[in-house]
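[1] got a predicted structure plus its sequence, pasted below:
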Amino acid sequence: QVQLVESGGGLVQAGGSLRLSCAASGRTFSSYAMGWFRQAPGKDREFVAAITLSGGSTYYADSVKGRFTISRDNAKRMMYLQMNSLKPEDTAVYYCAASQILTTRSTDFRSWGQGTQVTVSS
């Protein structure tokens with residue numbers, strides 16, 4: 001199983017940018033599809049973005065399409081989420097996750113990080 005640690009969260013004004021990082025250790029990182037999810041207070045965890053094993057294909061929730069970019073560096077065992085044009089509704093705890101299949105369903109992801117808080121002020 002892969003271990004995941006997120007970093008890069010913080011407080012930013014609306015319209016600003018943040019870059020989240022996810023560091024992986026343990027089993028071969030490149031054998032996992034990866035994803036980002038987020039959970040706002042009082043709401044269910046929701047899919048944000050996913051990326052294939054090689055990084056050749058990416059998928060996004062409609063709410064972040066065109067503003068967020070997911071990427072990975074298998075040699076460094078890292079995954080990233082570049083978040084631009086941030087909105088107050090993007091405020092949430094962001095989690096990275098690993099799955100043995102390409103999916104957008106949180107229940108299919110078996111390894112999760114501890115989360116990093118992103119707060120967007122208006």
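    Thanks, I have it. Given the structure is predicted, the values throughout are model-derived calculations rather than measurements. Numbers count the residues shown, from 1 in each chain.

[2] low-confidence stretches in this structure?
    Low-confidence segments of the chain (pLDDT under 70): 27.

[3] for the most centrally placed residue in the chain, which non-adjacent residue is closest in space?
    The structure's the chain has its C-alpha centroid closest to Trp36; by Cα atoms, centre = their mean the separation is 2.4 Å. Nearest-residue entry for Trp36: Val48, 4.2 Å, with adjacent residues in sequence omitted and distances by Cβ to Cβ, 6 or more residues apart in numbering. All C-beta spots, glycine's among them, are computed from the backbone N, C-alpha and C.

[4] buried ones in the helix or strand hosting the one you found, by neighbour count?
    With elements delineated by DSSP states H and E, Val48 resides in strand 46-51, which encompasses its position. Residues of strand 46-51 classed as buried under the neighbour-count rule (16 or more other Cβ atoms under 10 Å) are Phe47, Val48, Ala49, Ala50, Ile51.

[5] and stretch 57-74, by the same measure?
    By 16+ other Cβ under 10 Å, the buried positions in stretch 57-74 come out as Tyr59, Tyr60, Ala61, Val64, Phe68, Thr69, Ile70, Arg72, Asn74.

[6] with Gln13 as the reference, measure out to Met79.
    Shown here: Met79 relative to Gln13, a distance of 25 Å by Cβ to Cβ, to the nearest Å.

[7] looking at the two, which has the bigger crowd around it?
    The neighbour comparison of Met79 against Gln13 (other Cβ atoms under 10 Å) goes to Met79, with 29 against 10.

[8] still on that earlier bit, for the buried residues of stretch 57-74, which one is nearest Ser99?
    The shortest gap between Ser99 and any of the buried residues of stretch 57-74 belongs to Tyr59, at 12.1 Å (Cβ to Cβ).

[9] and the strands in this structure, which stretches?
    Counting by DSSP state E, the chain forms strands over residues 2-7, 10-13, 18-26, 33-39, 46-51, 58-60, 68-73, 78-83, 92-99, 111-112, 116-121, given from the N-terminal end onward.
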